[in-house]
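1. here is my input, please return the structure:
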Amino acid sequence: MASSKNRKNAPAPRVRTGPSPDDAHDIVYFKRHVKDDPAQAEPGRDSLRSWPASVRAKANAVLIAVATAPPKRFAGGGYWEAMKGEMSGWFEIRIDGPRRHHYRLFCLLDYEAEGQDKPLLVVIDGRDKPFRTTLSDADYTAVRAMGEEYSSRNPRSVG
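-> Model (predicted):
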């Protein structure tokens, strides 16, 4: 009889209600809904495609490594960095390219996307800059605005 009493008092098993940060993530690219452009630009993918082949290869390798790690367990090695300040909540993939040039992919982690079995590693935008320069405040403002545009729709607009 004592064992049946213990079972009644045992906590109910936790029911999983959605993707977890401990899961491997799916890599997706934010797709804009631009009225004048029916192609609906994908700023992150478009940037990545414009970069030199060696930079694209490194960036794709980092994306895959981070997504499968999953991101919170990935030891960045300088390639995957959590951003600070006004970019808090964002992550940056950092690749140094040829001719002393820097390449950046700006990413968000999404655990609330409707209809997704896995959490998302979302590539929002990409930027590049000469060595030892910084991106402007306007660049960061534009990236954050795209992140807000991404978050404003659920189901998400991804390609």
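
2. mean confidence for stretch 109-126?
-> Summarised as a single mean, pLDDT over stretch 109-126 is 95.

3. which of the helices and strands in the chain ranks last by mean pLDDT?
-> Taking mean pLDDT, DSSP states H and E as the measure, the helix or strand of the chain with the lowest value is helix 2-9, at a mean of 56.

4. pairing partners for the following helix or strand past it, with directions?
-> Downstream of helix 2-9, the first helix or strand assigned by DSSP states H and E is strand 26-29. The strands that strand 26-29 pairs with in its sheet are strand 120-130 (parallel) (by DSSP bridges).

5. distance between the strand it pairs with and the chain's centre?
-> Between the mean C-alpha point of strand 120-130 and the mean C-alpha point of its chain there is a distance of 9 Å (CA atoms, centre = their mean, to the nearest Å).

6. what's downstream of it, the next helix or strand?
-> helix 137-151.

7. next, report how far that following helix is displaced from the centre of its chain.
-> The chain centroid and the centroid of helix 137-151 are separated by 13 Å, computed with CA atoms, centre = their mean.

8. give me the buried positions along it.
-> With burial defined by 16 or more other CB atoms under 10 Å, the residues of helix 137-151 counted as buried are Y140, A142, V143, R144, M146, G147, Y150, S151. (Glycine included, C-beta is placed from N, CA and C.)

9. just checking, what packs against it?
-> Helices and strands touching helix 137-151, as assessed by 3 or more CB pairs under 8 Å, 6 or more residues apart in numbering; DSSP states H and E, comprise strand 101-110, strand 120-130.
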